[in-house]
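Colleague: just need the structure, nothing else, for what follows:
(4 chains)
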There are 2 protein chains.
Amino acid sequence: MTERAERRRRTEQRILEAARKLFADLGFERTTIRAVAKAAEVDPALVMQYFGSKQGLFSAAVAIAPAPVAQGDGGESDVDDLVEQLLGSLGLKMGELPQSSLAMMRSMLTHPEAGASARAVLSRQIHQVGESIPGGDARLRAALMTTIMLGVTVGHQLLELDELREASQADIARVLRPALRAIAHPQAE
Amino acid sequence: MTERAERRRRTEQRILEAARKLFADLGFERTTIRAVAKAAEVDPALVMQYFGSKQGLFSAAVAIAPAPVAQGDGGESDVDDLVEQLLGSLGLKMGELPQSSLAMMRSMLTHPEAGASARAVLSRQIHQVGESIPGGDARLRAALMTTIMLGVTVGHQLLELDELREASQADIARVLRPALRAIAHPQAE
DNA sequence: GCGAATGGTCAACGCCTGTAGAGTGAGCGA
DNA sequence: TCGCTCACTCTACAGGCGTTGACCATTCGC
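Modeller: Residues are numbered from 1 along each chain as shown, chains lettered A, B, ... in the order given. Predicted coordinates:
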């Protein structure tokens, strides 16, 4: 790779990292192009030149391939595996949920584009979870399992509730596991 | 009450209603004083005069006495009652969660003051729920029950996920009930 | 080496925002 | 009725924002 191209790639990466951090911490509106540029030690105009607009920068900063949830055939053990997978994804979230995800979540309630992205990601996950659990109302159960994970993640990562920050990942998983299983396994009532 | 005072009270109320609607729909940053004034058919300067600043308007629009959760002594039936209460508060949220609450929730991830308010409200609820359930880790269990309700409410009210909008309040409560009970009732493992 | 391409900067524009202060007219107390 | 209070409006300012186009300086292809 030519030296110029290499240099450009690095600069672009530096801008994206700064943008992710600021978007994740402050959200879309409070993050300014000027602040991103300063954090990346670059002129604001360069950010525009590379990403076209603030929205373009946001899209580029948030864009990632979401890790897909493995699918099963609805059998018993697969359902429990699914629960463990969800809990595990929360575990990942404890220390090092990617900045891009945090950035999207931070803005999903106030920035229309981020909201649309969040809906897409969640719908996708709901669909996948729904295919992995039995029962006629699998869709609703999957939606609730997903929003439960969303709520815990928001409370822990974004609101930083002390009551959750104090607990270890294992403790949270231990308490949450029976709840998720109760939803995943349909019972006759 | 004198005519002038009456008139003022009505105007102030009109401004607050417009502000709540806009804050709930758009969040703090995207809501402008000018837009609130226009919706209330009033001059922008009047909004400032009444509430001092945009932040003051937001505080006034969001300020409400949160309905306290009744407390029990940790007995079996009380715990189930608590679960029903939480599910009921979600039920209230279905059609007509007050605009002031929506306004606070909408901005809680991106506006520092709203975030602080949200943390205060949630911590209060966690504390109350924690006092109503038995077990050594009641605090953590209460936090998770609370964030679960938060996640479902956010997904339903703010993100407006189709999978939740399609379901009736009773359906959601039916699926969620065992999950909350599983967390509320500590089990030896 | 030399012109072209390209990474990067500088200065500025136009817009929108929250906010301030002077002004107006109608209802109030005496 | 008179003067004052107070609800309300008009106009304007200062600052920050996203965005733009002209401008350097280095490196590429030939």
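
Colleague: quick one: low-confidence residue ranges for chain A.
Modeller: Residues of chain A that meet the criterion pLDDT under 70 lie in A:65-77, A:91-95, A:188-189.

Colleague: so the residue of it found nearest DNA strand C is in which element?
Modeller: Residue of chain A nearest DNA strand C, by Cβ to the nearest atom of the strand: A:Ala45 (3.0 Å). Using the backbone N, CA and C atoms, a C-beta is placed for each residue, glycine as well. Assigned by DSSP states H and E, A:Ala45 belongs to helix A:44-51.

Colleague: could you point out which element follows that helix?
Modeller: Using DSSP H and E, the helix or strand that follows helix A:44-51 towards the C-terminus is helix A:54-62.

Colleague: would that next one count as contacting chain B?
Modeller: No: contact of helix A:54-62 with chain B (Cβ under 8 Å from any Cβ of the partner chain) is absent, the minimum separation being 13.3 Å.

Colleague: before we move on, back to that, neighbours of the residue of chain A closest to DNA strand C, just the number please.
Modeller: 10 (other Cβ atoms under 10 Å in any protein chain shown).

Colleague: again with A:Asp25
Modeller: Here the number of neighbours of A:Asp25 (other Cβ under 10 Å) works out to 13.

Colleague: residue contacts, it?
Modeller: Taking Cβ atoms under 8 Å, 6 or more residues apart in numbering or on different chains, we find A:Asp25 in contact with A:Arg106.

Colleague: now the angle from the helix holding A:Ala45 to helix A:54-62?
Modeller: Orientation of helix A:44-51 against helix A:54-62 (axes from the mean of the first three to the mean of the last three Cα atoms, to 10 degrees) gives an angle of 70 degrees.

Colleague: for helix A:44-51, what is the distance to the chain centroid?
Modeller: 26 Å (Cα atoms, centre = their mean, to the nearest Å).

Colleague: just confirm yes or no for stretch A:28-45 near DNA strand D.
Modeller: Yes: for a cut-off given as Cβ under 7 Å from any atom of the strand, stretch A:28-45 has contacts with DNA strand D, namely A:31-35, A:44-45.

Colleague: end to end, how far does that stretch reach?
Modeller: 18 Å (Cα to Cα, to the nearest Å).

Colleague: before we move on, the earlier item: among the residues of stretch A:28-45 next to DNA strand D, who's most crowded?
Modeller: Within these, most neighbours by other Cβ under 10 Å means A:Thr31, with 26 neighbours.

Colleague: what's the closest non-adjacent residue to that one?
Modeller: Closest residue to A:Thr31 apart from its sequence neighbours, by Cβ to Cβ, 6 or more residues apart in numbering or on different chains: A:Leu22 at 4.4 Å.

Colleague: okay, buried residues for the helix or strand harbouring that neighbour please.
Modeller: Applying DSSP H and E as the criterion places A:Leu22 in helix A:3-26. Residues of helix A:3-26 classed as buried by neighbour count (16 or more other Cβ atoms under 10 Å in any protein chain shown): A:12, A:15-16, A:18-24, A:26.

Colleague: could you dump that helix to PDB, C-alpha only?
Modeller: Output in PDB follows, covering the C-alpha atoms of helix A:3-26 (Å, rounded to 0.1, in the frame of the first residue of the first chain):
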ATOM      1  CA  GLU A   3       2.400   5.800   1.900                       C
ATOM      2  CA  ARG A   4      -0.300   8.300   1.100                       C
ATOM      3  CA  ALA A   5      -3.100   5.700   1.300                       C
ATOM      4  CA  GLU A   6      -1.700   4.300   4.500                       C
ATOM      5  CA  ARG A   7      -1.600   7.800   6.000                       C
ATOM      6  CA  ARG A   8      -5.200   8.500   5.000                       C
ATOM      7  CA  ARG A   9      -6.400   5.200   6.400                       C
ATOM      8  CA  ARG A  10      -4.800   5.900   9.700                       C
ATOM      9  CA  THR A  11      -6.300   9.400   9.900                       C
ATOM     10  CA  GLU A  12      -9.700   8.200   9.000                       C
ATOM     11  CA  GLN A  13      -9.500   5.600  11.700                       C
ATOM     12  CA  ARG A  14      -8.400   8.200  14.200                       C
ATOM     13  CA  ILE A  15     -11.400  10.300  13.300                       C
ATOM     14  CA  LEU A  16     -13.700   7.300  13.600                       C
ATOM     15  CA  GLU A  17     -12.400   6.400  17.000                       C
ATOM     16  CA  ALA A  18     -12.800   9.900  18.300                       C
ATOM     17  CA  ALA A  19     -16.300  10.100  16.900                       C
ATOM     18  CA  ARG A  20     -17.300   6.800  18.400                       C
ATOM     19  CA  LYS A  21     -16.100   7.800  21.800                       C
ATOM     20  CA  LEU A  22     -17.900  11.200  21.700                       C
ATOM     21  CA  PHE A  23     -21.100   9.800  20.200                       C
ATOM     22  CA  ALA A  24     -21.100   7.100  22.900                       C
ATOM     23  CA  ASP A  25     -20.500   9.500  25.700                       C
ATOM     24  CA  LEU A  26     -22.600  12.500  24.600                       C
END
